[in-house]
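Q: what follows is a predicted protein model with its sequence.
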Amino acid sequence: VACTRLHTMTQEDATFCAARWRALCGRLGAGEQASAAWWARVSAAYSGDGRFYHTLRHIGQMLQLKDAHAASLADGDAVELAIFF
């Protein structure tokens with residue numbers, strides 16, 4: 001039985017996650033070069049052929065959930081970084 005992607009990604013998912021990554025890295029003081037290099041690694045990992053659930057769409061959904069509960073988080077940036085990794 002072949003697995004099917006539960007969270008099929010769109011360009012919108014990738015764009016949303018990339019923008020969130022850049023904003024997070026900016027808040028954490030990471031330089032643009034380091035941010036871009038790490039984004040290339042993160043996005044490639046979540047876009048791999050073997051990814052059926054933990055895709056950039058899933059990351060985007062987790063970021064939206066984090067936003068919905070932002071007021072109750074002691075360190076929202078730490079939670080956001082954890083979502084990506």
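A: Cool, got the structure.

Q: surely residue 18 and residue 43 touch.
A: Yes: counting by Cβ atoms under 8 Å, residue 18 touches residue 43, with 7.0 Å between them. Bear in mind the C-beta positions are built from the backbone N, C-alpha and C, glycine included.

Q: so what touches the helix or strand hosting residue 40?
A: Using DSSP states H and E, residue 40 falls within helix 32-46. Helix 32-46 is contacted from outside by 14, 17-18, 21-22, 25-26, 30, 51, 54-56, 58-59, 84-85, using Cβ atoms under 8 Å, 6 or more residues apart in numbering.

Q: hmm, which of the residues you listed are the buried ones?
A: Listed as buried from those are 14, 17-18, 21, 25, 30, 51, 55-56, 58-59, 84; burial here means 16 or more other Cβ atoms under 10 Å.

Q: want to throw these into a markdown table with secondary structure?
A: Compiled in a markdown table, these are given as follows (DSSP: H, G, I helix; E, B strand; the rest coil):
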| residue | secondary structure |
| --- | --- |
| 14 | helix |
| 17 | helix |
| 18 | helix |
| 21 | helix |
| 25 | helix |
| 30 | coil |
| 51 | coil |
| 55 | coil |
| 56 | helix |
| 58 | helix |
| 59 | helix |
| 84 | helix |
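
Q: now do the same contact list for residue 76.
A: 66, 70.

Q: any idea how far it lies from residue 82?
A: Here residue 76 is placed at a distance of 11 Å from residue 82 (Cβ to Cβ, to the nearest Å).

Q: between which two of the buried ones among the contacts of helix 32-46 is the distance greatest?
A: 30 and 51 (24.6 Å; Cβ to Cβ).

Q: so which elements touch the strand or helix carrying residue 60?
A: According to DSSP H and E, residue 60 maps onto helix 56-68. In terms of contacts (3 or more Cβ pairs under 8 Å, 6 or more residues apart in numbering; DSSP states H and E), helix 56-68 is packed against helix 11-28, helix 32-46, helix 76-84.

Q: quick one: the first one to helix 32-46, angle?
A: Which is helix 11-28. 140 degrees (axes from the mean of the first three to the mean of the last three Cα atoms, to 10 degrees).
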